[in-house]
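Peer 1: how would this look folded up:
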Amino acid sequence: MTAALIILLQLFIKKTTWGWAIEAVAQDREGAQLVGVNVYLVSSMAFAIGTALAAAASSLVAPIYLVYPAMGSLPLIKAFVVIILGGMGSLPGAVIGGYLLGLIESLAGAISP
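Peer 2: Prediction:
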């Protein structure tokens, strides 16, 4: 499910007009506004997409962990590590960073007594 969400997000960003607008606003907000992009609408759309992805992630994580108010603290810390490993703003880097973190966690769990 996560791989499908990553592929869909990548296709949305690279192949649609909304995705191009999001990239334009992310790279140069004032330049995008000068060429006619509604920056406030695009920012709202990016926030909505981020919120939807967070909801999807929480629904995928909820069966694994107990559901309580602070249930997202461990995945949040892991997400920050993945962002640092993969580089900020790089979706392929984030995927590689996630796989690297998973590999390190699996090997550390297998090696430690």
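
Peer 1: Check which helices and strands the least confident helix or strand in the chain by mean pLDDT sits against.
Peer 2: The least trusted helix or strand in the chain, going by mean pLDDT, DSSP states H and E, turns out to be helix 73-86, with a mean of 80. If you count contacts as 3 or more C-beta pairs under 8 Å, 6 or more residues apart in numbering; DSSP states H and E, helix 73-86 packs onto helix 91-111. To be clear about C-beta, it is placed using only N, CA and C from the backbone, and glycine gets the same treatment.

Peer 1: Tell me the helices and strands packed up against the helix it packs on.
Peer 2: Counting by 3+ C-beta pairs under 8 Å, 6+ apart, helix 91-111 packs on helix 2-15, helix 73-86.

Peer 1: quick one: what helix or strand has the residue lying closest to residue 5 once chain neighbours are set aside in it?
Peer 2: With sequence-adjacent residues excluded and distances taken as C-beta to C-beta, 6 or more residues apart in numbering, residue 5 is closest to residue 56, at 6.0 Å. Using DSSP states H and E, residue 56 falls within helix 39-61.

Peer 1: what about residue 44, neighbour count?
Peer 2: 11 (other C-beta atoms under 10 Å).
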